[in-house]
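Engineer: the amino acid sequence is not available; the structure is as follows:
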């Protein structure tokens, strides 16, 4: 009975920690969306309202040791199809890389008590290209295994997404046409991750 009670207490404690982490990460994500809205000259809640009742997905990624790390990736290069991703890295092992200037991969080394924020495709569309979603990949390690926890804030499937009207009100053509997140998400996963940026398929006809 003692061991059973100990297991139950441990399970409850872990569950409470995960629940608290999910809640706080969501609040952080919404706060960041508000700050991005303000930086674009929009109302603070503009992006949150456009994205609708956002879903929150979480992925726990495990990358085992790989004897030949040069021959494979933990994840190939890609951008995230959602709005914003908050990543908790393994504190001891580097694995995340981001693309700089279109041709140079740099490591994002873990820092104590820090989270990594990746902007996703929907913020690039909403900002009419002012913000860019981040090309990134995960590499594996020959000596050490690695774990990471990614939290994704995703728009409601029925949300209609396109450049904010005020960003194209003074003669600037919209870079992207409007679409629903459901349409975008299905198109994103119908192709290979490392193909051209999926947003290229949603460019506005006004640019042609």
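Structural biologist: The structure has been received and is ready for your questions. Small disclaimer: the values here were computed from a predicted structure and weren't measured. Residues are numbered from 1 along each chain as shown.
Engineer: ok, which stretches of this structure are strands?
Structural biologist: Remark: strands of the chain, listed N- to C-terminal, are 55-63, 75-78, 84-88, 96-100, 104-107, 116-119, 136-138, 146-154, 160-161, 179-180; assignment by DSSP state E.
Engineer: got the ones you listed as a markdown table, with distance to residue 192, mean neighbour count and mean pLDDT columns?
Structural biologist: Quick note: C-beta positions are derived from backbone N, CA and C, even for glycine. Formatted as a markdown table, the entries for those read as follows, by distance: least, Cβ to Cβ, whole Å; neighbours: other Cβ atoms under 10 Å; pLDDT from 0 to 100:
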| stretch | distance to residue 192 | mean neighbour count | mean pLDDT |
| --- | --- | --- | --- |
| strand 55-63 | 19 | 13 | 89 |
| strand 75-78 | 8 | 16 | 87 |
| strand 84-88 | 20 | 22 | 96 |
| strand 96-100 | 16 | 16 | 93 |
| strand 104-107 | 18 | 11 | 94 |
| strand 116-119 | 19 | 18 | 96 |
| strand 136-138 | 13 | 18 | 92 |
| strand 146-154 | 20 | 20 | 93 |
| strand 160-161 | 23 | 18 | 97 |
| strand 179-180 | 20 | 16 | 97 |
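Engineer: can you redo the ones you listed as TSV with distance to residue 27?
Structural biologist: Formatted as TSV, the strands of the chain follow (distance: least, Cβ to Cβ, whole Å):
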stretch	distance to residue 27
strand 55-63	11
strand 75-78	26
strand 84-88	11
strand 96-100	23
strand 104-107	29
strand 116-119	14
strand 136-138	24
strand 146-154	11
strand 160-161	22
strand 179-180	26
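Engineer: among the ones you listed, which is nearest residue 168?
Structural biologist: With Cβ to Cβ as the measure, strand 160-161 is the member of the strands of the chain nearest residue 168 (13.9 Å).
Engineer: where's the lowest-mean-pLDDT helix or strand in the chain relative to the chain centroid, distance-wise?
Structural biologist: Comparing every helix and strand of the chain by mean pLDDT, DSSP states H and E singles out helix 2-39 as the least confident one, with a mean of 80. A distance of 18 Å separates the C-alpha centroid of helix 2-39 from that of its chain, computed with Cα atoms, centre = their mean, to the nearest Å.
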